[in-house]
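J.: This is the structure alone, sequence omitted:
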């Protein structure tokens, strides 16, 4: 990565709007609680002075993103316009939603699309077969990348040295008794997944659940996302993921490669 000149660093620092950054941080803090939050709780979570947090909250309240009575505050449905803007403008969602629909119908299982966001994966699209209960991973759901099939499929884009450094720096808490947390062991599995072109993770992210994923590549071969399918371990054996789900996922990912810029 080229080193920035001093003038470029100064320009970027000048362009940074601290008030906007604080407001966005405050919005994100609502996700740490399932109900309304007090001013003190929000200020503490956002690491802001109470007076600053108060001004931010009243500004967000005036914009329709937050509701409150001066003591307790909560997000309003208007905040979903931010997520809707992302989904409407995201090429991956536009191009791959028909693929997810086709794959879900063919396999009669739920299929999902995920992208990397830091050390997590975020699910940004999904499809369910007709008349099937749509539970599980909702849009916006986050999981650690290191222990998910979508995450490992996307981490395969890194060379071994960069991947190992990223794994060591990431928070690696075991989510189930089967979760692998050792960085070198994880690197070995990611390298194997990279070579075979798919990742199958068995009960590491969620108990009793296994999934299979393939990377989604754009026109130049760069990995930009992953699509997956999964099922309860008692209902679908691992061999069926390989024999029935994997060909559908591979075909779907390859079909859109030339459309992704």
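T.: Great, that's in hand. Bear in mind the structure is a predicted one, so any value in this text is a computation, not a measurement.
J.: element containing residue 248?
T.: Following DSSP states H and E, the helix or strand that holds residue 248 is helix 246-255.
J.: repeat for residue 116
T.: Assigning secondary structure by DSSP H and E places residue 116 in strand 111-117.
J.: Looks like residue 119 contacts residue 143 (just checking).
T.: No: taking C-beta atoms under 8 Å as the definition, residue 119 is not a contact partner of residue 143, at 10.3 Å. Yep, even glycine has a C-beta here, placed from its N, CA and C like the rest.
J.: what angle separates the helix holding residue 248 from strand 111-117?
T.: Angle between the axes of helix 246-255 and strand 111-117 is 60 degrees (criterion: axes from the mean of the first three to the mean of the last three C-alpha atoms, to 10 degrees).
J.: pLDDT of helix 246-255, averaged?
T.: Looking at helix 246-255 alone, the average pLDDT works out to 97.
J.: Over to stretch 96-113?
T.: Per-residue pLDDT values across stretch 96-113 average out to 95.
J.: on that earlier part again, quick one: the strand holding residue 116 to chain centroid distance?
T.: Strand 111-117 has its C-alpha centroid displaced from the chain centroid by 5 Å (C-alpha atoms, centre = their mean, to the nearest Å).
J.: In terms of secondary structure, what does the helix holding residue 248 contact?
T.: Based on contacts counted as 3 or more C-beta pairs under 8 Å, 6 or more residues apart in numbering; DSSP states H and E, the elements that helix 246-255 packs against are helix 91-107, strand 209-217, strand 223-232.
J.: With mean neighbour count and distance to residue 248 as new columns, can those be given to me in JSON lines?
T.: Listed next are the helices and strands packed on helix 246-255 as JSON lines, based on neighbours: other C-beta atoms under 10 Å; distance: least, C-beta to C-beta, whole Å:
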{"stretch": "helix 91-107", "mean neighbour count": "18", "distance to residue 248": "5"}
{"stretch": "strand 209-217", "mean neighbour count": "24", "distance to residue 248": "10"}
{"stretch": "strand 223-232", "mean neighbour count": "23", "distance to residue 248": "8"}
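J.: which one of these lies closest to residue 203?
T.: Of all these, it is strand 209-217 that lies closest to residue 203, at 6.2 Å by C-beta to C-beta.
J.: Now residue 119: closest residue in space, sequence neighbours ignored.
T.: For residue 119, ignoring the flanking residues on the chain, the nearest one in space by C-beta to C-beta, 6 or more residues apart in numbering is residue 170 at 4.2 Å.
J.: wait, that neighbour sits on residue 155?
T.: No: in this structure, residue 170 is not within contact of residue 155 by C-beta under 8 Å, at 9.8 Å.
J.: what lines up beside the helix or strand just after the strand holding residue 116 in the sheet?
T.: Moving toward the C-terminus from strand 111-117, the first helix or strand encountered (DSSP H and E) is strand 120-127. Looking at strand 120-127 with DSSP bridges, its paired strands and their directions are strand 111-117 (antiparallel), strand 142-144 (antiparallel).
J.: Report the rounded mean pLDDT for strand 120-127.
T.: The model assigns strand 120-127 a mean pLDDT of 96.
J.: Can you give me the buried ones in that strand?
T.: Buried residues in strand 120-127, counting neighbours by 16 or more other C-beta atoms under 10 Å, are found at 120, 121, 122, 123, 124, 125, 126, 127.
J.: Likewise for stretch 56-72?
T.: Residues of stretch 56-72 classed as buried under the neighbour-count rule (16+ other C-beta under 10 Å) are 56, 57, 60, 65, 66, 68.
J.: I'd like to know which of the residues you listed is nearest to residue 138.
T.: Using C-beta to C-beta, residue 65 is the member of the buried residues of stretch 56-72 that sits closest to residue 138, with 20.7 Å.
J.: before we move on, the earlier item: hey, which of the strands paired with strand 120-127 is tucked in deepest?
T.: Between the strands paired with strand 120-127, the one whose residues have the most neighbours on average, counting mean count of other C-beta atoms under 10 Å, is strand 111-117 (a mean of 23).
J.: So what touches it?
T.: Under the criterion C-beta atoms under 8 Å, 6 or more residues apart in numbering, residues 92-93, 96-97, 100, 103-104, 121-127, 137, 142, 145, 148, 150-151, 154-155, 213, 216, 224-229, 249 lie in contact with strand 111-117.
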